[in-house]
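[1] no letters, just coordinates:
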């Protein structure tokens, strides 16, 4: 147990897990190490996204809308995502949660660059790999003419569900 605590000490950020780690450190007389400052090349973002994130495209609009979001009960746990832009809103439904989201093309493509360095390892990778194609087709206004390539892309996107 001591070996495990020493290996994770300094890498725990979740607001629920830090107090638990502090208790274990106190129990084993280990000095608690606060997690290092975030940078945009920290793989923590990919792990958190894999656990609590989503990437969606609303096709049934005049102009399709692509969004990436991460949701958590505690605002402090998703605030680091603001490094990629976007905003945080509170969702009252269910038990309530905070949602960080981006929908701006520049922010999404920036985050996509991040995922190239620190890849998603969940099923969400499927959609992340299709973001550039989405913007390519949208810039061509393929969604307005419902051309074959757009319809195929839409089918591929939805097949992931």
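    Yep, it's here. Bear in mind that the values here come from a model prediction, so they are computed numbers and not experimental data.
[2] which helices and strands sit right next to the top strand by length along the chain?
    Longest strand in the chain, counting residues (DSSP state E): strand 65-72. Judged by 3 or more Cβ pairs under 8 Å, 6 or more residues apart in numbering; DSSP states H and E, strand 65-72 is in contact with helix 44-52, strand 53-58, helix 75-78, strand 97-102, helix 105-117, helix 131-139. Glycine gets a C-beta too; all of them are placed from N, C-alpha and C.
[3] which of those sits most buried?
    strand 97-102 (a mean of 20; mean count of other Cβ atoms under 10 Å).
[4] tell me the strands beside that one, with direction?
    Applying DSSP bridges, strand 97-102 is found paired with strand 65-72 (antiparallel), strand 87-91 (antiparallel).
[5] among those strands, which is the most enclosed?
    strand 65-72 (a mean of 20).
[6] so what touches it?
    Applying Cβ atoms under 8 Å, 6 or more residues apart in numbering, the contact partners of strand 65-72 are 48-49, 52-58, 78, 81, 91, 97-103, 108, 111, 131, 134-135.
[7] next, the angle helix 105-117 makes with it.
    Compare the direction of strand 65-72 with that of helix 105-117 by axes from the mean of the first three to the mean of the last three Cα atoms, to 10 degrees and you get 60 degrees.
[8] quick check, central residue of this structure?
    residue 49 (3.2 Å; Cα atoms, centre = their mean).
[9] mind checking how far that one is from residue 147?
    According to Cβ to Cβ, to the nearest Å, residue 49 and residue 147 sit 31 Å apart.
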